[in-house]
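> what shape does this take:
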Amino acid sequence: MNSDKITEQQNSASSHIDEQSVSEILEIINGEDIGVPLAVQKSLPLIEVFINELAPRFRDGGCLFYVGSGTSGRLGVLDAAECPPTYRTDPEMVQGIIAGGYDALVRSIEGAEDYLEDGAQVVSDHNITANDTVMGITASSSTPFVLGALKESKKIGALTGLIVCNKLPHLEYVDHMISLIVGPEVITGSTRMKAGTATKLVLNMITTTLMIKLNKTYGNLMVDLKASNKKLWDRGTRIISHLTGLNYDNSFQLLQSGNGEVKTAVVMNKKNCTYDDGVQLLKSVRGSLKKALEEC
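Residues are numbered from 1 along each chain as shown. Model (predicted):
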């Protein structure tokens, strides 16, 4: 089975997978998955360059848009959706766009990815500007919807990037190309598997690194969370207890006084100040809890 696209080639390791036992099938899948992080590792320099250009645009109010179809689109939407509850970001800061819209998140919409003009249209539909960044995601490297969005984004001056799982195509309208060569899939062409796993790893890296550089963490603690459910109230309380030395009950009361905001609550404790003063101090140091505590 010949193809110039790696993601469409047949994997010799699984060519007789239908004759294997359940245990053997699992071993084959796991054996192929082991190589995914190594493939991502080879592209770390490319990811670094992209993040270094994206970070200052974030600080200046720009937004990041992921654009994809099928599995790629769903992964982009997932990564974007997890930023507000994890890092208390504005929902518009990171957004996921999937071909076919909301319905495509839960069921396949055939043909939604096939038109360049549909991809171009989402640029105006989402009010994307020259301050923003558009990262396309397409394992095959040739999805028309994604390429149409990137081409239109470049026209208006936005920063553009593309994550693929094939050899890098030459596209003059893409500023940053990130290729993740994970090899043929266990099931030929099923890019929800290794290609999807590699993509998820890279999206995790992009947003996590950005949030760290935007002072959303203190060490590796998720200090910029906003307590909004039982789990987050508990996590926030434990973080405050760790940073202040207060017992659990007093830490919980402090978090309540801080309107559920961990960073503000810690500053209130260390500086013995009001909620409003804590908020202002954090704003003066661009949200850095470390710098705010140095001020204290």
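> pLDDT below threshold where in the stretch 1-150 of the chain?
1-3 (pLDDT under 70).
> what are the boundaries of the strands in it?
64-68, 94-98, 133-137 (DSSP state E, counting those that start in this stretch).
> likewise the stretch 151-296 of the chain?
159-164, 176-179.
> just to revisit the earlier point, can you tell me which of the strands of the stretch 1-150 of the chain is nearest to Ala80?
Across the strands of the stretch 1-150 of the chain, Ala80 has its closest neighbour in strand 94-98 (3.9 Å, C-beta to C-beta). Glycine gets a C-beta too; all of them are placed from N, C-alpha and C.
> any residues touching the closest one, and which ones?
Outside strand 94-98, the residues within contact range by C-beta atoms under 8 Å, 6 or more residues apart in numbering are 63-69, 73-74, 76-81, 83, 104-105, 122, 126, 149, 207.
> just the buried residues of the residues you listed.
63-69, 73-74, 76-77, 79-80, 83, 104, 122, 126, 149, 207 (16 or more other C-beta atoms under 10 Å).
> restricted to helices, list these.
73-74, 76-77, 79-80, 83, 122, 149, 207 (DSSP state H).
> ok, Val67 - contacts?
Val67 neighbours (C-beta under 8 Å, 6+ apart): 73, 76, 97, 119, 122, 134-137, 145-146, 149-150.
> again, but for Lys5
140-142, 166.
> kindly reformat the residues you listed as TSV containing distance to Ile239 and neighbour count.
Below are the contacts of Lys5 laid out as TSV (distance: C-beta to C-beta, whole Å; neighbours: other C-beta atoms under 10 Å):
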residue	distance to Ile239	neighbour count
Ser140	42	20
Ser141	42	22
Ser142	45	12
Asn166	42	23
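> now for those residues: which two are most distant?
Once C-beta to C-beta is applied, the contacts of Lys5 give Ser142 and Asn166 as the farthest pair, at 8.3 Å.
> hmm, back to that, and the strands of the stretch 151-296 of the chain as TSV, adding mean pLDDT and distance to Met268?
TSV is the format used below for these (pLDDT from 0 to 100; distance: least, C-beta to C-beta, whole Å):
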stretch	mean pLDDT	distance to Met268
strand 159-164	97	38
strand 176-179	96	41
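> out of those strands, which is the most enclosed?
Of all the strands of the stretch 151-296 of the chain, strand 159-164 carries the top mean neighbour count, a mean of 25, counting by mean count of other C-beta atoms under 10 Å.
> could you say what helices and strands that one packs with?
Strand 159-164 makes packing contacts with helix 44-59, strand 133-137, helix 144-155, strand 176-179 when contacts are defined by 3 or more C-beta pairs under 8 Å, 6 or more residues apart in numbering; DSSP states H and E.
> which stretch among the ones you listed comes nearest Gln9?
strand 176-179 (15.4 Å).
> contacts for that closest one next, please.
43, 46-47, 49-50, 53, 159-169, 171, 202.
> and with 10 Å instead?
The contact list for strand 176-179 (C-beta atoms under 10 Å, 6 or more residues apart in numbering) reads 6, 39-40, 42-47, 49-51, 53-54, 133, 135-137, 141, 159-171, 198-199, 202, 206.
> cool, and stretch 15-22?
Taking C-beta under 10 Å, 6+ apart as the rule, stretch 15-22 contacts 1, 11, 14, 24-29, 186-188.
> now with 8 Å?
25, 28, 186-187.
> by neighbour count, which of those wins?
Val186 (19 neighbours; other C-beta atoms under 10 Å).
> need the contact list for the nearest residue to Val40 once chain neighbours are set aside.
Once flanking residues are discounted, Val40 sits nearest to Leu201: 5.1 Å by C-beta to C-beta, 6 or more residues apart in numbering. Applying C-beta under 8 Å, 6+ apart to Leu201 gives the contacts 36-37, 40.
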